[in-house]
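K.L.:
only geometry, no sequence info:
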């Protein structure tokens, strides 16, 4: 962290005081120790503050460490006895000055906290506060400011196990391992469409049957023997056999379960439906994952909401390797048209999936102008097909689009791979609905996957 530009680019005496205030006032022992470990005493330009930082490191390494506030200040001062370079007790008290206002150590401590944790957890989340937000913070009392910031950090800490452990850069020679473990790929093609820690977006217009497609993917994966890799029912994909969690926001669990039972009756007519035993439905209605906290403005910086911990607790409990989130804009309730907050959500979603050793399939609506206009057919390969910011697909590792096939009979559909970071993209397949005896669409079959040239007969298959 010594060379972290967030800390060095505008470092002043106030920033140095702020970093000391951060570790002296932070009640979270593990985060405090991580900050101390990540920042060397040499970062400080002032010898007295550098010496005091080293003393604070020693004090916080003891068991039990002193609690935040006056007790910690006293302990650090006692540790500095006899060191002519350390700060006096009066100077330490000044560092943790409780006077309100933007120029105080409390304010800068909050900003330094944010710089550390936002970089650690959200990979460079920029400070999006506007002038009105800065003015609001400036008028808070010091106690309210610290309480607000710490509450925000606790919400960030809920994102991942060990999220408040600061990261460090690692030389290439010390990095081992291959690409993320593959969970699913397009049948007959190489590479991966969805991997561990990946987010795959499935986009399409309302009423085109995105949810039944997502459910048929889930059923195919759940039906395979655990840990084996091979063809999934429906003919579109190959993937790993594993439990699946469906986080539903719009359809009641009974509706999704009824669809899956009807699909199973078609795919496994003998009555043996292995998928049903490993498909789990979590009713997430009203339990958004990510967005502004209660009471915040719609455009405020988003963070994890109560549904976040509930979802990942269930993923861990059942050992799911695939998590289906349907739809995106019920799970995410922030500004869907702004790049930064959408990227933040997609980023932490991928982080959480990596920790949980699973992949995420998230269902989204397409933009109106991606559905064809001016008598022109839609472009299934347009990476901006998802409604809202283009970062819904830019931040995903893969993107599927389900569109109507303008060259075939009415009701025919095409599934296209618009993006695949670890496999072939710009391929598409005709898909056919699987219908229940009453005509309801409960899933899809299809294939083979072709390039546009192969599909039009310009090249041999």
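P.N.:
Yep, it's here. Note that this is a predicted model, so its numbers are computed, not measured.
K.L.:
my guess is residue 415 meets residue 401, correct?
P.N.:
Yes: under the contact definition of Cβ atoms under 8 Å, residue 415 touches residue 401, with a separation of 7.5 Å. All C-beta atoms are positioned from the backbone trio N, CA, C, and that covers glycine.
K.L.:
ok, those two, which is more surrounded?
P.N.:
residue 401 (30 against 24; other Cβ atoms under 10 Å).
K.L.:
ok, the more buried one touching residue 425?
P.N.:
No: distance between residue 401 and residue 425: 11.0 Å, which falls outside the contact criterion (Cβ under 8 Å).
K.L.:
Now for the two: what residues contact both?
P.N.:
Between them, residue 401 and residue 425 share these contacting residues under Cβ atoms under 8 Å, 6 or more residues apart in numbering: 381, 418.
K.L.:
what sits against residue 227?
P.N.:
Per Cβ under 8 Å, 6+ apart, neighbours of residue 227: 240-242.
K.L.:
where in the stretch 351-461 of the chain is pLDDT low?
P.N.:
368-378, 383-384, 407-410, 457-461 (pLDDT under 70).
K.L.:
Tell me, how many residues neighbour residue 312?
P.N.:
Neighbours around residue 312, by other Cβ under 10 Å: 24.
K.L.:
ok but it is inside a helix, no?
P.N.:
Yes: looking at residue 312 with DSSP: H, G, I helix; E, B strand; the rest coil, it is inside a helix.
K.L.:
host element of the closest residue to it other than its chain neighbours?
P.N.:
Leaving aside its sequence neighbours, residue 312 sits nearest to residue 352 (Cβ to Cβ, 6 or more residues apart in numbering; 5.8 Å). If you go by DSSP states H and E, residue 352 is part of helix 339-356.
K.L.:
List the buried residues of that helix.
P.N.:
340-356 (16 or more other Cβ atoms under 10 Å).
K.L.:
And stretch 171-182, by the same measure?
P.N.:
Buried residues in stretch 171-182, counted by 16+ other Cβ under 10 Å: 180, 182.
K.L.:
got the end-to-end distance for that stretch?
P.N.:
For stretch 171-182, the first-to-last residue distance is 25 Å (Cα to Cα, to the nearest Å).
K.L.:
Now do the SS call for residue 402.
P.N.:
Classification of residue 402 by three-state DSSP places it in strand.
K.L.:
Run through the residues that contact it.
P.N.:
202-204, 208-210, 213, 413-415, 431.
K.L.:
Excluding residues flanking it in the chain, which one is nearest it?
P.N.:
Per Cβ to Cβ, 6+ apart, closest to residue 402 is residue 204, 3.6 Å.
K.L.:
Surely that neighbour and residue 399 touch.
P.N.:
No: contact criterion Cβ under 8 Å: residue 204 and residue 399 do not qualify, at 11.2 Å.
K.L.:
Inside helices: which ones of the contacts of residue 402?
P.N.:
Among these, the members falling in helices (DSSP state H) are 210, 213.
K.L.:
Of the contacts of residue 402, which is the most crowded?
P.N.:
Neighbour-wise, the contacts of residue 402 (other Cβ under 10 Å) top out at residue 203, 29 neighbours.
K.L.:
Show the contacting residues for it.
P.N.:
Counting by Cβ under 8 Å, 6+ apart, residue 203 has contacts 210, 363-366, 370, 385-387, 393, 399-402.
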